[in-house]
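K.L.:
Here is the input, now give the coordinates:
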Amino acid sequence: MPRKKFKKSKHKKSRLWANWLTCLAFVAMILLMWSYAAVAVSPSLEQRLEVLEKGQQSIRVVADTVWVIFTGTLVFFMNAGFAMLETGFCRQKNAVNLLSKNLIVFALSTVAFWAIGFGIMFGDGNGLYGRNGFFLSPLDNSPTIGVDYRGVYTSLSSAGIPLQAKFFFQLVFAGIAATIVSGAVAERIKYGAFLIFSLLFVSLSYSVTGHWIWGKGWLSNLNFWDFAGSTVVHSVGGWAGLMGTLLLGARLGKYQDDGKLGRQRLSYSPQNRSVFGKKIVAIPGHNLSLSTLGALILWLGWFGFNCGSTLAADPPAISHILLTTNMAAATGGLAATITSWLYFGKPDLSFLINGILAGAVSITASCAFVSMAHATIIGTVAGVIVVFSAVLLDRLEIDDPVGAISVHLICGIWGTFAVGLFSVGPNIYPWYGENNGPAKGLFLGGGFSQIFAQVIGIVSVGVFTALFSLFAWSMIKLTIGLRVSQHEEIEGLDLSEHSMSAYEYEITEKE
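P.N.:
Numbering: from 1, shown residues only. Sure thing, here's the model as predicted:
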């Protein structure tokens, strides 16, 4: 009996081992199948690198887009700076008019640049103007760049950001150019005349010359360089303002014949007589606190203006541009203060303000291409220029209430020319290589080639903008008229043009 039990237990154990072996075989087969499947679906090294690269590109696009939008909003905020600056430099009876012009001009610029200007400036075309991309063409695969780009804005294909971000950043520049005109023609132009000119200017003139330089036009092919707009934005605004000022004439009472010298060119004090013998009467602004606030806003906005023109979050380039911009603005303000102190006998706050802006305008073309030391020189020269330019314009009886022509036109020309003098040349800075910046400047041993290119650009843009502006202003003058009546000017444009005032005050005969 015990032997039978032993045989049964032995038989059970053998069957149990057989079951275990079968289970182990199945487990082994499953593990083997899993391992083969894992090998089959796991990416290769090349695939892993490709995924990593795409992730880095996506992060780069996000960073660049955020940077461009942020700096674009800083440039947009400069409109507030111009509004404060111009309003403070002018009389209180015209405050509403100036505030209204500075506010509405960006609204007009938005519509004009979207419909026409952006396509002319950056759309594919020829060396003179763009012929595609009106109304912000959707046929664009940005942020794809380089040879993979498919769209009609090839001149912007190097920027790895969405098309909408590109448009917004360029739009705020167009709005700034139109705002510059407002200050030069202040206190005597008809509101409607200014609006019509702003539409024509942003749609056509600004966009055409911008295409020549930033839209891969003929000046770009000549190696003309303007990094952030000393010519593209500031000089063209100054030229347009100058032509309007010449056709409008001076404000009432600005240049007076005292009956003694008439228009003979006799000896006169250089600070209070024009070249025609008329007495130059100062018409002070009503609130320099506003103008000072405006200058600080503009100084802040200029960091976005110049640094954002990289169109990429490039830390070394941004940091360098930030410092050169700040240095030129600072030295411009210092130089203008010292110059006015020596020339007039007192430090003049208005020249300190315009000196800061003059330095910022002058460095805008070269901020990415020059050293800190040369930025100091560029800003200092601009600070001196802006003082004597304002004096010269007054002697010529060119009435510029806020100094826009001196700051933006004259110093814009100087800043563009300075590229040919002080640019360090390719391969000195990591963001500034061959075919990605101007040739070495004259003062650094580079010869005259870059200076020739800069002079050609300055002259050609100046001639075109001046002729276009002269024609546009003249047509407006022949149709609806440019200037308000004498009574309206004496009363103030706030009441005559808007039937409201920024302040409660009584109009006197003296005003």
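K.L.:
Is Ser198 in a helix, a strand, or coil?
P.N.:
helix (DSSP: H, G, I helix; E, B strand; the rest coil).
K.L.:
Return the residues in contact with it.
P.N.:
105, 108-109, 112, 178, 181 (CB atoms under 8 Å, 6 or more residues apart in numbering). Every residue, glycine included, has its C-beta placed from N, CA and C.
K.L.:
redo that, cut-off 6 Å
P.N.:
Listed by CB atoms under 6 Å, 6 or more residues apart in numbering, the contact partners of Ser198 are 105, 108, 178.
K.L.:
which of these are buried?
P.N.:
Among those, the ones that count as buried by 16 or more other CB atoms under 10 Å are 105, 108, 178.
K.L.:
Distance of the last one relative to Thr324?
P.N.:
What it means is Ala178. 26 Å (CB to CB, to the nearest Å).
K.L.:
The first one now?
P.N.:
According to CB to CB, Val105 stands 29 Å off from Thr324.
K.L.:
ok so, going back, a markdown table for the contacts of Ser198, including pLDDT, secondary structure and distance to Phe388?
P.N.:
Putting the contacts of Ser198 into a markdown table (pLDDT from 0 to 100; DSSP: H, G, I helix; E, B strand; the rest coil; distance: CB to CB, whole Å) gives the following:
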| residue | pLDDT | secondary structure | distance to Phe388 |
| --- | --- | --- | --- |
| Val105 | 97 | helix | 30 |
| Leu108 | 97 | helix | 34 |
| Ala178 | 96 | helix | 27 |
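K.L.:
which one among the residues you listed gets closest to Tyr503?
P.N.:
Taking CB to CB as the measure, Tyr503 lies nearest Val105 of these, at 22.7 Å.
K.L.:
for this protein, what helix or strand is lowest in average pLDDT?
P.N.:
helix 2-41 (a mean of 53; mean pLDDT, DSSP states H and E).
K.L.:
Tell me which helix or strand comes right after that one.
P.N.:
Downstream of helix 2-41, the first helix or strand assigned by DSSP states H and E is helix 45-89.
K.L.:
where in the stretch 251-400 of the chain is pLDDT low?
P.N.:
259-271 (pLDDT under 70).
K.L.:
Could you count how many residues lie near Ile283?
P.N.:
16 (other CB atoms under 10 Å).
K.L.:
gap between it and Thr87?
P.N.:
The gap separating Ile283 from Thr87 is 14 Å, by CB to CB.
K.L.:
just Leu200 next, same as before
P.N.:
According to CB to CB, Leu200 stands 25 Å off from Thr87.
K.L.:
do Gly359 as well
P.N.:
23 Å.
K.L.:
Out of those two, name the residue with the larger neighbour count.
P.N.:
Gly359 (36 against 28).
K.L.:
OK, contacts around the more buried one?
P.N.:
328-329, 331-332, 379, 382-383.
K.L.:
One more pass at 7 Å, please.
P.N.:
Gly359 makes contacts with 328-329, 331-333, 379, 382-383, as judged by CB atoms under 7 Å, 6 or more residues apart in numbering.
K.L.:
Excluding chain neighbours, give the residue nearest to it in space.
P.N.:
Distances taken as CB to CB, 6 or more residues apart in numbering place Gly332 nearest to Gly359, at 2.1 Å, with adjacent residues excluded.
K.L.:
Pull the distance from the helix or strand where the one you found lies to the chain's centre.
P.N.:
Taking DSSP H and E as the definition, Gly332 sits inside helix 315-344. Here the centre of helix 315-344 is set off from its chain's centre by 18 Å, with CA atoms, centre = their mean, to the nearest Å.
K.L.:
Output the contacting helices and strands for it.
P.N.:
Applying 3 or more CB pairs under 7 Å, 6 or more residues apart in numbering; DSSP states H and E, we find helix 315-344 packed against helix 288-307, helix 349-363, helix 372-395.
K.L.:
could you check the angle helix 288-307 makes with it?
P.N.:
Relative orientation of helix 315-344 and helix 288-307, computed by axes from the mean of the first three to the mean of the last three CA atoms, to 10 degrees: 140 degrees.
K.L.:
Buried residues of helix 315-344, list them for me.
P.N.:
So helix 315-344, judged by 16+ other CB under 10 Å, has buried residues 317-318, 320-321, 324-340, 343.
K.L.:
where do the strands sit along the stretch 151-300 of the chain?
P.N.:
Applying DSSP state E, counting those that start in this stretch to the stretch 151-300 of the chain gives strands spanning 255-256, 279-280.
K.L.:
Of all the ones you listed, which one is nearest Gly160?
P.N.:
Using CB to CB, the nearest of these to Gly160 is strand 279-280, at 53.1 Å.
K.L.:
Need the contact partners of that closest one.
P.N.:
Strand 279-280 is contacted from outside by 255-256, 258, 272-274, 394, using CB under 7 Å, 6+ apart.
K.L.:
mind checking how far it is from the chain centre?
P.N.:
Averaging C-alpha positions (CA atoms, centre = their mean) puts strand 279-280 36 Å from its chain's average.
K.L.:
again with stretch 77-86
P.N.:
From the chain centre to the centre of stretch 77-86 is a distance of 14 Å (CA atoms, centre = their mean).
K.L.:
Likewise for stretch 381-401?
P.N.:
Put simply, stretch 381-401 sits 24 Å off its chain's centre (CA atoms, centre = their mean).
K.L.:
Since that was my last question, I'll sign off now.
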